[in-house]
Each structure stands twice: as C-alpha cells, then as structure tokens.
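Visitor: Show me how the following folds:
(chains A and B)
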Amino acid sequence: MHARVLLLVVLLVMSFPVFAQAQGSLCRIDLSSANATLTQAQAAAAAGDLERALGLIQRADQALAAIESRCDLEVVQPDVVLEQTYAGQGGFSVSYPAEWVVGASANANSITLGTDEAAANAIQTAEPNLTAGQRGTLVVYGTPAEIAGGASVERTLDGIIDYFASQLATSFLVRNTDHVYVLDGRAAASLDFAGASFDGMMIVIEIVEGREYALVAGAAAKGELADFLPTLQAVAASISAQGAAR
Amino acid sequence: MKRILISLSLLLLLAVPAAAQAQACTIDLTDSVIQLLQAQALAASGDTGGGLAQIAEARAGLAALVSNCGAEGIEPGVLLDNEFGAPNGSFIVNYPLDWIEGGFSPNASGGGVFFGSSAAAAAALNSAVPQAEPGEQALAVAVATPALLGVTSQNPTLAEVVNTFAGISMAQFEVVSGLEIAIRNDRPIARAQYRGESFEALLVGVQLPDSEHYAVVVGISAPGELEALRPIIDAVALSAR
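Guide: Numbers count the residues shown, from 1 in each chain, chains lettered A, B, ... in the order given. You can find the predicted model right below:
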C-alpha cells in the first residue's frame, strides 16, 4: 500500500501544470488539486482511516464536478439593440438604449444610466426607489480593486462576485450568487439582490482575465427584473476597452 | 510526456497485484489518477472534450469505489480542516475547508461565530429569518455556560441546557422534531429540527470535554437540503473544545 502512495506522489511530481481554456477563463482544466487530494486519500487509506479516505475522495470528486460544470456553461447572446454609446475617460465604452439618459455622476471609470434621470441617479442611493417602468444601471470599469472601491479583492471573476455578494448581503436580500455563464463570448458572473423597493441584478464581466473587469448593477421596480434582464445583459456585453471592437 | 508514459507503465505493473486482492472496500486510486493525468494531457493538447471525457470516467470509478465501501457500511467522513479559535480564548471549533468565517460575538463565558459555504450564506444566517439559497449551507456556533443560557439549576442535564437554547431560537418557527438525545463518538448530543419558509435547520448541542461550557450549533440549508448538512453539524459540534 505504501508503494502505491509513493507512486502516486511520484506521478504528481512528474506531471506538469497545464491549463486548457475555453469559454473565457471559466473552463480551466487544472487537475492538480484533485490529484493531490486523491493522493492524500490513498495515504489515509494506507493508514487505515477509510472514512477519511472516502471523505477526501468525495472532495476530489466535488472538485472534478466543479470543473465539469464550468466547462458546460449556459451561453447568453443578447439581442437587444443599443443605439447610444458612452465613452468614458477611463478607457472604456458602453452602449445603452436610445431612450435612456446618463446620470449626474459619470466619471472616468463609472457611469450611471437610466430610463430617466431620477432612475439613473437612484441606482447610487442606499435604497433605490423605482416606480413601474423605471430602470437604473451603474457601470464600473477597471481593475478588481478599482471596481471594489479600493478594497483588496481576489483578481478573478469569482473573487469579485463573492466580494460583492458579501457586501450586498449586509443591506439586501442576495440570491443566485453562483450563476456563471458565457455572455457574448466572455466569462460573466451574476447575482440577484433585492431591497424593499426594487429588484436588482449585478453582472461582473471579464474584459481582460485577471486585470480588467466591468461591473454592471441594474435595478428595476419590484417584480420587473425579468423584463429588464435582456437589456441589462446587452449593456454588460457591450462594454469594451476603448478602441477594442465588440 | 515521455516521463508520464514511463510512470504510467510502472504504475500499471504495480497495480496488478492490487487488483488481484480486490475487496469490496479496497481503496486503490491508481486508475483514477492515471485517468486524470490523461485528462490533463488531453486538455493541454487542446482536446478539452477528450479531457472532460476522461474526467467523467475517473468520476465514475470514484463513485463506484465509494458505493462499494458504502455497501460495507463505511461512509465518507466529514472533513473539518479549518480551525477557529475564539479571540477571547474561550473555545476552539473546526469547520469545513473552503467555508467562510463570519463574525464573532463574545459573551461573558464564550461567544458565537458564523460559518458559511459562502460569505452570503454566513451573512444570511445572521438574521431573524434566514434566507438559505439552494446549494448553500451555514452554521452558527454558540458556546456558553448554562447560567448564561438561562439555566438556573445546579447540575443541569444536556437536554435541559439545549432545550433552553432551543426554546429561544426555535420559538418563531415550525418544529419538525423536538429534542432527542443520541450518542455520537461515545458522547451524548442533543438534536432538534425546525424550519421556516426559506430554510430548514438542525440544532445540535453538546457539552465541551472537561468543561462546564456547552456548544450549540445551528445549521441551515435551503428547504429540502438539510440531509447533506446533518453530518457536518454533528461533526462541528463534536469538534468544539
């Protein structure tokens, strides 16, 4: 049994770290963690602790299941026409519907948009109060730290969405935090959040893996998020580094 | 790649005697590791589909192994690789790897702490009516002396202490099963189950080893998902010291 454990260790040392990427950064086949866990399981079995060995096997299996699910993601292709485009000084552009307006607080790396000025500005308040038909959207572009207002955030899509999930959970009802998908060919993650007077969704989209991301937070009157979703996804998908074609 | 092929050959030679000794719950992971190495190599060469197919085969092998052991009555153990030490030094408790530690609130004789399978889950438990999302789990661990929990008798029983705590935390919700005493790892533990519209909960209480302190662990899951959390709640409660 010890020879078997040793052999697994040798195999792992000799194997090389490689990555296979598809669907943005989400489908990454890195089996080193699962293999290391299986080696621990073999060692536990060799030591006679079968329950721990099986627990470790289960953990490795969960890691493999997560890889599988990240390689078989929902693909969303927005088909909402966005007639207007805003080019921020911070090096990004975003498109939005013809009837929408830009809010008062547009700056280098962020902008608020909405069906009217009140909705565009409401998205930055502590509790957006939106009436039927109103939609407000906040767009922030930059590094993970810039998007998070200077906070230390893991430089991955998951790290960013997890950070905002915990932040939003202190004030709002947060749901569906593990929704990752491919939005117009790019990796995206989203969560739903809701307050007393609105339903909202946050989408984080990867522009340049590990470096540049965009956050799009949209809010609609209660019960109107589903109608708003296609537009919100189209706005998120339209974001690009200035000069880069979408 | 050559190095991998050489080691694969070596591995196959060694694997033969292990297969010959096959028993119902024999844990030999060489085949699975080989499949995963092949999956990694395929993925590296750009064949993502081939890599995923190998992963699926490896998972099937692992599932069969776990199933065989289950048939022998050997179930996967709960792994609590993380350790939390109360900042006031009153207790230590273990919790699952990859879970998030929530806030700690001290009390006069111990304190309480939240853990969650995600930060949102840990935060969701820290509310009057928890909202448990599908697939998410959270735990609250409270450690205190009986007196602090409102138990006034001199030598209270486990049931008395945990019942007092349960009465407070379960008051607003539907009781699924009242307090029961069971033995786990040769120690008595008290369990009660309750639920609300947006969650199911299991409360487990134990006395800390060689201590007058008690730990009460409340675990919540989305409705219909409590079974998977049960062994974790038990294990976390029994890890308190």
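Visitor: Which stretches in chain B count as strands?
Guide: Shown for chain B, the strands assigned by DSSP state E span residues B:82-85, B:92-95, B:100-106, B:111-116, B:137-144, B:174-184, B:187-196, B:199-207, B:214-221.
Visitor: So the second one, near chain A or not?
Guide: No. Strand B:92-95 does not reach chain A (CB under 8 Å from any CB of the partner chain); its nearest approach is 13.2 Å. For glycine as for every other residue, the C-beta is placed from the backbone atoms N, C-alpha and C.
Visitor: and the spatially closest residue to residue B:51 that is not a sequence neighbour, how many neighbours does it have?
Guide: Nearest non-adjacent residue to residue B:51, counting by CB to CB, 6 or more residues apart in numbering or on different chains: residue B:43, 3.6 Å away. Number of residues near residue B:43 (other CB atoms under 10 Å in any protein chain shown) recorded here: 28.
Visitor: and what of residue B:177?
Guide: For residue B:177, the neighbour count with other CB under 10 Å is 10.
Visitor: for it, which residues make a bridge with it?
Guide: residue B:193 (DSSP bridges).
Visitor: I'd guessed it sits against residue B:192; true?
Guide: Yes. Assessed by CB atoms under 8 Å, residue B:177 is found in contact with residue B:192 at 6.5 Å.
Visitor: ok, back up a step: could you export the strands of chain B as CSV, including mean pLDDT?
Guide: Below are these laid out as CSV (pLDDT from 0 to 100):
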stretch, mean pLDDT
strand B:82-85, 94
strand B:92-95, 95
strand B:100-106, 89
strand B:111-116, 93
strand B:137-144, 93
strand B:174-184, 89
strand B:187-196, 92
strand B:199-207, 93
strand B:214-221, 93
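Visitor: can I get these in CSV with distance to residue A:218?
Guide: Listed next are the strands of chain B as CSV, based on distance: least, CB to CB, whole Å:
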stretch, distance to residue A:218
strand B:82-85, 36
strand B:92-95, 35
strand B:100-106, 26
strand B:111-116, 26
strand B:137-144, 27
strand B:174-184, 36
strand B:187-196, 30
strand B:199-207, 28
strand B:214-221, 29
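Visitor: So which of the ones you listed is nearest residue B:129?
Guide: Residue B:129 lies closest to strand B:187-196 among the strands of chain B, at 5.8 Å (CB to CB).
Visitor: ok now that closest one, how far from the chain's centre?
Guide: 15 Å (CA atoms, centre = their mean, to the nearest Å).
Visitor: For that strand, name the packing helices and strands.
Guide: Here strand B:187-196 touches helix B:158-169, strand B:174-184, strand B:199-207, helix B:226-239, going by 3 or more CB pairs under 8 Å, 6 or more residues apart in numbering or on different chains; DSSP states H and E.
Visitor: got the contact list for that strand?
Guide: B:129-130, B:158-159, B:162-163, B:166, B:170, B:172-183, B:200-207, B:223, B:226, B:234, B:237-238 (CB atoms under 8 Å, 6 or more residues apart in numbering or on different chains).
Visitor: one more time with 6 Å, if that's ok
Guide: B:129, B:158-159, B:162, B:166, B:170, B:173-182, B:201-206 (CB atoms under 6 Å, 6 or more residues apart in numbering or on different chains).
Visitor: same question, stretch A:91-105
Guide: With contacts defined as CB under 6 Å, 6+ apart, stretch A:91-105 is touched by A:82-87, A:112-113, A:115, A:117, A:120-121, A:139, A:141, A:235, A:238-242.
Visitor: among those residues, which are in helices?
Guide: In helices, judged by DSSP state H, the following of the contacts of stretch A:91-105 are found: A:117, A:120, A:121, A:235, A:238.
Visitor: Buried ones only from the contacts of strand B:187-196, please, as a ChimeraX command.
Guide: This is how ChimeraX selects the buried members of the contacts of strand B:187-196, with burial counted by 16 or more other CB atoms under 10 Å in any protein chain shown:
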select /B:158,162,166,170,173,179,201,202,203,204,205,206
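Visitor: re earlier: report the buried members of the contacts of stretch A:91-105.
Guide: Buried members of those, counted by 16+ other CB under 10 Å: A:82, A:86, A:112-113, A:115, A:120-121, A:139, A:141, A:235, A:238-240.
Visitor: wait, residue B:198 sits on residue B:133?
Guide: No. With contact defined as CB atoms under 6 Å, residue B:198 does not reach residue B:133; the gap is 9.1 Å.
Visitor: For the two, work out which one has more neighbours and name it.
Guide: A side-by-side neighbour count of residue B:198 and residue B:133, using other CB under 10 Å, places residue B:133 first with 24 against 15.
Visitor: Please enumerate the strands of chain A.
Guide: For chain A, applying DSSP E gives strands covering A:21-22, A:27-28, A:75-76, A:84-87, A:92-96, A:101-102, A:110-114, A:135-142, A:173-183, A:186-195, A:198-208, A:212-220, A:240-241.
Visitor: Can you name the residues in contact with the third one?
Guide: Contacts made with strand A:75-76 from outside it, assessed by CB under 6 Å, 6+ apart, are listed as A:181, A:182, A:183, A:233.
Visitor: hmm, which two among these are most spread apart?
Guide: Farthest pair in the contacts of strand A:75-76, by CB to CB: A:182 and A:233, 11.4 Å.
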